[in-house]
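*Asks:* Provided below are the primary sequence and the corresponding predicted coordinates.
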Amino acid sequence: PMAITFDRGPISFRRSIHVRPMYNIIGVVKNVVMTSPFEPVKPIMYGFLKEYGSVLQIRTNPKLSMSAALAKIKPVYDKYDPESPFDYHFVDAEFGKKFATEERVGKLAGVFTVLAILISSLGLFGMAAFVAEQRKKEIGVRKVLGASVVGLWRLLSTEFVVLVFISLLIAIPLSNYFMKQWLLHYTYRVPLPWWIFAITGVGAILLTLATVSWQTIKASLANPVNSLKSE
């Protein structure tokens, strides 16, 4: 039976043929990934043979819905090949199957990334609470001497931001190197722009500030009498 594939390219038949002098070359097309997307494009020839065709590729009208297009194609197919079932596939779905492993790895990486962010945020939150408790008397003394809430928040948050900034200086070059090494395994790949790492760094700093601000502001707003009454 003949399998039909729908895409947005022209109608064509795919079959291995022997070049003979009677065949005329009517055009040259750009490189098209027909086999594995992880390998370079190999030379391929498209031949139009009236007597046989294993795969028929049809470009549908973008103005029509797919159900309406199928309703128009099926009667024509049944007219010329009534013995074969009307079996069709979509190019985007078939091509997407080639990236099933990459999509699975991407989903798993996303799940573990969310878990890592949650665990890191909990760690930062606990560390901020511990530091605020350890420096409770210092904060009380600074408030008595006229320190503002914003100044105390800046004092306590700067230490965490500096640590995160140092970790970014180590992590960004390493991640850039390993990502480029990983992308080298693919024939077709995208470059790694600098703004991806910039957004990641800014996001990490903002997440750190959002995590530790609750404890630092809480400690800054506390009554200094409660922390200094035992002194």
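*Replies:* On my side now, so go ahead.

*Asks:* State the next helix or strand along the chain beyond the helix or strand bottoming out on mean pLDDT in the chain.
*Replies:* Here the helix or strand of the chain ranked lowest by mean pLDDT, DSSP states H and E is strand 12-13, holding a mean of 42. Downstream of strand 12-13, the first helix or strand assigned by DSSP states H and E is strand 55-59.

*Asks:* Parallel or antiparallel, list what pairs with that following strand.
*Replies:* Partner strands for strand 55-59, per DSSP bridges, with pairing direction: strand 3-7 (parallel), strand 12-13 (antiparallel).

*Asks:* Lowest mean pLDDT across those, which one is that?
*Replies:* Within the strands paired with strand 55-59, confidence is poorest for strand 12-13, with a mean of 42 (mean pLDDT).

*Asks:* where do the helices sit along the chain?
*Replies:* With helices called from DSSP state H, the chain shows them at 66-80, 91-96, 100-134, 136-144, 149-183, 194-221, 224-228.

*Asks:* Run the chain-centre distance for the first one.
*Replies:* On the basis of C-alpha atoms, centre = their mean, to the nearest Å, helix 66-80 sits 37 Å off its chain's mean C-alpha point.

*Asks:* buried residues in it?
*Replies:* Ala69, Leu70, Ile73, Tyr77 (16 or more other C-beta atoms under 10 Å). Quick note: C-beta positions are derived from backbone N, CA and C, even for glycine.

*Asks:* Quick check: mean pLDDT of that helix?
*Replies:* Here the average pLDDT along helix 66-80 is 88.

*Asks:* so what secondary structure elements neighbour that helix?
*Replies:* Judged by 3 or more C-beta pairs under 8 Å, 6 or more residues apart in numbering; DSSP states H and E, helix 66-80 is in contact with strand 3-7.

*Asks:* Give me the pLDDT value at the residue minimising distance to the centre of the chain.
*Replies:* The chain has Gly106 as the residue nearest its centroid, 7.0 Å off, counting by C-alpha atoms, centre = their mean. Here the pLDDT value assigned to Gly106 is 88.
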